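> Sequence first, then the predicted structure:
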Amino acid sequence: MERLGPLDAAFLALEDSDRHASLAIASVAVLSGPAPGQEEYVAAIGPRFAAIRRARQRVLRVPFDLGAPVWADDPDFDVGYHFRRTAVPAPGDDEALHRLVARIMAQRLDRDRPLWECWVIEGLAGDRWAVLTKLHHCMADGVSGTRLYHAIFADTPAAAPTAAMDPAPGPMGLVLDAVGDLAWKAVGQAGVFLDMVRSPMRLIRGAAELAAAIRPTTPSSLSGSIGTARRYHVARVPLPAVVRVAKAYGTTVNDVVLTAISAGLRAILLSRGERPDPHTVRTLVPVSVRATGDLDELDNRISLLLPYLPVDIADPVDALAEVHRRLVREKATGEAEAGRAFTELAAREPFAPVSLAIRFAARLPQRAIVTVTTNVPGPRAPLHVLGRKVLELLPYVPIAVRLRLGVAVMTYCDEAVFAVTADFATMPDAPLVTDAIERTVAELVRVVDTGVVRPRAPRPASLSGSSHQRDG
């Protein structure tokens with residue numbers, strides 16, 4: 001039996017612990033028209049999904065949490081069930097699309113079936129239509145999730161399923177397999193501890209950084225209880241402009257991204273009469289630890305960085321320098337490596353206490369992390385679906401556990417899209433974030449174009465060996 005990894009299972013446990021959360025990720029492809037008919041679309045795209053085994057599997061829990069949940073073939077799998085169709089109301093503008101995306105993503109996926117849906121959205125102005133591909137975060141992270149998206153965008157005919165359906169195990173089979181898995185984990189513990197001993201100081205320092213990250217942030221209205229409904233807003237900036245700014249200041253594209261997001265959160269705080277200080281906003285930044293050869297594996301292989309965003313700094317150039325300094329420090333401490341080591345260790349622990357710890361932590365009044373910011377590079381070449389050109393790609397990141405706002409960034413061709421997910425009741429002013437993002441990038445570009453660029457930020461040599469990590 002193929003078990004969910006500790007991060008995969010954690011997303012299920014977090015959702016179980018928060019009745020207001022729907023922990024699905026998504027991308028929205030906006031295409032030129034006309035939209036294909038439903039039968040034509042399902043006939044063309046359905047077999048591509050069916051050829052991916054994970055798309056035909058559902059999650060089974062092991063009795064008493066003796067082991068991690070397992071992936072099992074769905075004996076009643078019907079690919080047509082997962083294809084939905086809807087339309088935006090007139091006038092079919094972008095705001096109407098964003099409201100519809102928020103409603104679709106606020107609804108949980110059916111745990112009794114494979115955890116994905118594909119929505120065709122009609123009625124967009126300008127002879128456009130859209131495809132929303134939604135999958136539970138337990139299935140994939142932002143990098144591996146693109147494998148399912150390729151099922152839509154592939155130019156080649158769908159391949160036949162490569163494996164026959166296996167009968168779903170019964171409760172006793174799940175229990176017996178879990179008992180055997182516990183014995184294997186007892187033997188495997190030594191390997192993890194050996195890896196931790198090989199570079200003890202770096203891991204110890206990274207563990208200390210992670211422990212420090214549980215310190216509460218300065219209280220603000222950016223975090224707190226949330227409801228079920230969501231808001232969804234989008235900012236668009238030219239990707240070449242972001243790259244130009246990053247090169248001019250000796251930073252990374254991700255540094256520029258986080259600087260723009262920091263300006264957006266600063267705008268919210270100031271509009272509410274709150275004083276942003278250096279410890280107001282700590283963000284969770286996923287970092288991919290996926291090897292190049294593992295890009296086709298559908299699962300979660302991420303660690304994290306937990307930097308403070310400089311919402312106290314008004315000048316975007318100064319803020320960019322501070323973001324870069326903080327990210328350099330976070331990477332140099334080994335925080336991401338420590339997070340990965342703890343994840344690997346959790347995979348070798350009995351699942352019951354790990355699951356209990358996750359559920360318990362999810363119910364605590366979490367005040368250490370204020371937002372999540374994820375950045376996934378998308379295709380640089382134009383994509384097509386049934387001969388229709390993809391005009392843009394919009395990402396979606398879920399929120400939960402007192403995080404009232406999250407930002408997902410995806411690049412496609414020469415555009416970078418910042419998509420803000422926000423709690424409906426407590427974040428009515430979320431458009432301030434997208435406005436500030438676009439304004440900040442434009443201001444950074446303006447400064448670069450003047451030719452008066454301040455000294456480039458330093459790049460410590462200690463990071464030269466970190467190319468295997470990609471900012472998430």
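Cool, got the structure. What you see is a predicted model, and the numbers here were worked out from it, not measured in a lab.

> could you pull out the helices for the stretch 251-400 of the chain?
253-271, 316-332, 335-347, 351-363 (DSSP state H, counting those that start in this stretch).

> Pairing partners for the helix or strand Thr133 falls within, with directions?
Using DSSP states H and E, Thr133 maps to strand 128-136. Here strand 128-136 has these sheet partners by DSSP bridges: strand 24-32 (antiparallel), strand 116-124 (antiparallel).

> which residues does the closest residue to Thr252 other than its chain neighbours contact?
Spatially, and ignoring its direct neighbours in sequence, Thr252 is nearest to Ala246 (5.8 Å; CB to CB, 6 or more residues apart in numbering). Yep, even glycine has a C-beta here, placed from its N, CA and C like the rest. By CB atoms under 8 Å, 6 or more residues apart in numbering, the contact list for Ala246 reads Thr252, Val253, Asp255, Val256.

> and the third one, what does it touch?
Listed by CB under 8 Å, 6+ apart, the contact partners of Asp255 are Ala246, Leu320, Val323, His324, Leu327.

> close enough to count as contact, the fourth one and Tyr249?
Think His324. Yes. The criterion here is CB atoms under 8 Å, and His324 meets it with Tyr249 at 7.5 Å.

> rewinding a little: packed most tightly, which of the strands paired with strand 128-136 would that be?
Counting by mean count of other CB atoms under 10 Å, strand 24-32 has the highest mean neighbour count of the strands paired with strand 128-136, with a mean of 23.

> pLDDT averaged over that strand, what's the number?
The pLDDT scores in strand 24-32 average 95.

> Next SSE downstream of that strand?
That would be, after strand 24-32 and using DSSP H and E, helix 38-50.

> Which is the succeeding secondary structure element to that following helix?
strand 57-60.

> If you count contacts, what does the helix or strand following that following strand end up packed against?
Once the chain leaves strand 57-60, the next helix or strand it forms, by DSSP H and E, is strand 70-73. Applying 3 or more CB pairs under 8 Å, 6 or more residues apart in numbering; DSSP states H and E, one finds that strand 70-73 contacts strand 2-3, strand 57-60.

> Need the winner for burial among the ones you listed.
strand 57-60 (a mean of 20).

> Within the sheet, what are the partner strands of that strand, with directions?
When DSSP bridges is applied, strand 57-60 pairs with strand 70-73 (antiparallel).

> Figure out how far the strand it pairs with is from the centre of its chain.
Here the centre of strand 70-73 is set off from its chain's centre by 23 Å, with CA atoms, centre = their mean, to the nearest Å.

> quick one: low-confidence ranges for the protein?
Within the chain, the stretches with pLDDT under 70 are 142-151, 155-165, 168, 171-214, 289-302, 334-366, 454-472.

> how is it carved up into domains?
Following automatic domain parsing, one finds the domains of the chain at 2-159, 199-378+399-471.

> Helix, strand, or coil at Val409?
strand (DSSP: H, G, I helix; E, B strand; the rest coil).

> and if you look at Arg99?
helix.

> Now do it against Phe418, distance only.
18 Å (CB to CB, to the nearest Å).

> Between the two, point out the one with more neighbours.
Phe418 (26 against 16; other CB atoms under 10 Å).

> Might you report the residue contacts of the more buried one?
Going by CB under 8 Å, 6+ apart, Phe418 touches Val234, Ala235, Arg236, Val237, Val257, Ala260, Ile261, Val407, Ala408, Val409, Thr434, Ile437.

> so which helix or strand takes in it?
Using DSSP H and E, Phe418 falls within strand 415-423.

> That strand pairs with which strands?
Counting by DSSP bridges, strand 415-423 is paired with strand 230-238 (antiparallel), strand 405-412 (antiparallel).

> Dump the helices and strands packed on strand 70-73 to TSV, plus distance to Ala9.
Shown next, in TSV, are these (distance: least, CB to CB, whole Å):
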stretch	distance to Ala9
strand 2-3	8
strand 57-60	9
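
> Which one of the ones you listed lies nearest to Pro167?
When the helices and strands packed on strand 70-73 are compared by CB to CB, strand 57-60 sits nearest Pro167, at 11.9 Å.

> List the contacts of that closest one.
Under CB under 8 Å, 6+ apart, the answer for strand 57-60 is 4, 12, 69-74, 111-115, 138, 168-169, 174.

> Check the residues you listed for burial and list the buried ones.
4, 12, 69-74, 113-115, 138, 168-169, 174 (16 or more other CB atoms under 10 Å).

> so which of the residues you listed comes closest to Gly46?
Gly46 has its nearest neighbour among the buried ones among the contacts of strand 57-60 in Pro114, at 12.6 Å by CB to CB.

> what's the helix or strand for that closest one?
Using DSSP H and E, Pro114 falls outside every helix and strand.

> Assess the claim that Val390 and Pro382 are in contact.
Yes. Between Val390 and Pro382 there is a contact at 6.6 Å, judged by CB under 8 Å.

> Among those two, which residue is more densely surrounded?
Per other CB under 10 Å, whichever of Val390 and Pro382 has more neighbours is Val390, with 20 against 11.

> quick one: contacts for the more buried one?
Ala29, Val30, Leu31, Phe153, Pro382, Leu383, His384, Tyr412.

> Pipe the residues you listed into JSON lines and attach distance to Asn375 per row.
As requested, these are exported to JSON lines (distance: CB to CB, whole Å):
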{"residue": "Ala29", "distance to Asn375": "18"}
{"residue": "Val30", "distance to Asn375": "20"}
{"residue": "Leu31", "distance to Asn375": "24"}
{"residue": "Phe153", "distance to Asn375": "20"}
{"residue": "Pro382", "distance to Asn375": "21"}
{"residue": "Leu383", "distance to Asn375": "19"}
{"residue": "His384", "distance to Asn375": "25"}
{"residue": "Tyr412", "distance to Asn375": "13"}
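
> Out of those residues, the closest to Gly126 would be?
Of these, the one sitting nearest to Gly126 (CB to CB) turns out to be Val30, at 9.6 Å.

> Thanks a lot, catch you later.
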